[in-house]
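**Q** heads up, no residue letters with this:
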């Protein structure tokens, strides 16, 4: 009878599971860079072997994390335009909550409308992508605002209540 290494390894692991896992976690903590490199390489090989499953999982994740995906897309778009500064999704959500989920021009509220990020000083005019330069506007107000600032924007804001009706 031949020695079955796979069966022996499985039996040994089941018998010594706690000890093996503790050693593994200790090694990972002590060898963080090597551990991360090994995990990255393992995932890269798995993705290459399982492209359909990887695509299915990625699509499912994107569907579950739609707000995060949209936020990252807007941050990347701002970077492409050369914007300085950055903000995270939690800051955007906090700003919407602070503004009572209301468009700052027409006063419409979520969920009737979808609030979008508006740069108070447009990136094209030297504005930043920091949360202090962002206000929540509904899509129609944001599209009407375009790249106006100052006097032009003030006139647009004054017209907003009658435009929303």
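**A** Looks like it came in fine. None of these values were measured; they are calculated from a predicted model. Numbers count the residues shown, from 1 in each chain.
**Q** break the chain down into its domains, please.
**A** 8-64, 85-164 (automatic domain parsing).
**Q** so which of the ones you listed is the most packed in?
**A** Comparing those by mean neighbour count (mean count of other Cβ atoms under 10 Å), domain 85-164 ranks first with a mean of 16. Placement of C-beta: from N, CA and C, glycine included.
**Q** show me the residue at the heart of this structure, geometrically.
**A** residue 68 (3.0 Å; Cα atoms, centre = their mean).
**Q** in contact with that residue, which residues?
**A** Contact analysis of residue 68 by Cβ atoms under 8 Å, 6 or more residues apart in numbering lists residue 89.
**Q** and it, how far is that from residue 61?
**A** 9 Å (Cβ to Cβ, to the nearest Å).
**Q** what's the answer for residue 22, then?
**A** On the measure of Cβ to Cβ, residue 22 and residue 61 end up 31 Å apart.
**Q** ditto for residue 98
**A** Distance from residue 98 to residue 61, by Cβ to Cβ: 29 Å.
**Q** likewise for residue 23?
**A** In this view, residue 23 and residue 61 are 31 Å apart by Cβ to Cβ.
**Q** what's the answer for residue 131, then?
**A** For residue 131, the distance to residue 61 equals 25 Å [Cβ to Cβ].
**Q** just residue 120 next, same as before
**A** From residue 120 across to residue 61, the span is 32 Å (Cβ to Cβ).
**Q** how about residue 72?
**A** Taking Cβ to Cβ, one finds residue 72 at 12 Å from residue 61.
**Q** need the residues that contact the longest helix seen in the chain.
**A** When the chain is parsed with DSSP state H, its longest helix is helix 32-49. With Cβ under 8 Å, 6+ apart as the contact definition, helix 32-49 has outside contacts at 27-28, 54.
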